[in-house]
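Peer 1: okay, predicted coordinates and the sequence, questions at the end:
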Amino acid sequence: MSLLGWIVIGLVIGFFASMRMHSSERTTLIDVGIGTIGAVMGGSIITTFGHNDVAGINLPSQVLAVVGAAALLLAYHATFRVVR
């Protein structure tokens, strides 16, 4: 999957995570940004380790972008828990 595809997946995952957690507008933007960064990191990491077959539009590439976005969002929210 291309960089643009990873960014789109990160945007979607960040938005859905924010909606699931009933975040405010400010934290929605943060979640979308972190989801995008996580998806790009996940895609970049697997490409760096030589798995060039992940660069196409396929299921492993999409799963990797989702896992990267979810992992970074989970780490962020576990570290910076917002108290209402």
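Peer 2: Done, it's in.

Peer 1: and Gly33, what does it touch?
Peer 2: Gly14 (CB atoms under 8 Å, 6 or more residues apart in numbering). Heads up, the C-betas are built off the backbone N, CA and C, glycines and all.

Peer 1: now do the one 5 residues further on
Peer 2: Taking CB under 8 Å, 6+ apart as the contact definition, Gly38 lies against Gly10, Ile13, Gly68, Ala69, Ala70, Ala71, Leu72, Leu73.

Peer 1: just give me the closest of these to Thr48.
Peer 2: Checking the contacts of Gly38 against Thr48 by CB to CB gives Gly68 as the nearest, at 12.5 Å.

Peer 1: all strands of this structure, in order?
Peer 2: With DSSP state E, there are no strands along the chain.

Peer 1: ok, the residue nearest the centre of the chain - contacts?
Peer 2: Residue closest to the mean C-alpha point of the chain, counted by CA atoms, centre = their mean, is Ala69 at 2.1 Å. Counting by CB under 8 Å, 6+ apart, Ala69 makes contact with Ile9, Gly10, Ile13, Gly14, Ala17, Ile34, Gly35, Thr36, Gly38, Ala39, Gly42.

Peer 1: quick one, what contacts the first one?
Peer 2: Same thing as Ile9. So Ile9 contacts Met1, Ala39, Gln62, Ala65, Val66, Ala69 (CB under 8 Å, 6+ apart).

Peer 1: in TSV, list the residues you listed along with distance to Phe49.
Peer 2: TSV is the format used below for those (distance: CB to CB, whole Å):
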residue	distance to Phe49
Met1	16
Ala39	17
Gln62	18
Ala65	15
Val66	18
Ala69	19
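
Peer 1: okay if I get those residues as a markdown table plus pLDDT and distance to Arg26?
Peer 2: Output for those, formatted as a markdown table (pLDDT from 0 to 100; distance: CB to CB, whole Å):
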| residue | pLDDT | distance to Arg26 |
| --- | --- | --- |
| Met1 | 57 | 30 |
| Ala39 | 85 | 21 |
| Gln62 | 73 | 29 |
| Ala65 | 78 | 25 |
| Val66 | 82 | 24 |
| Ala69 | 85 | 19 |
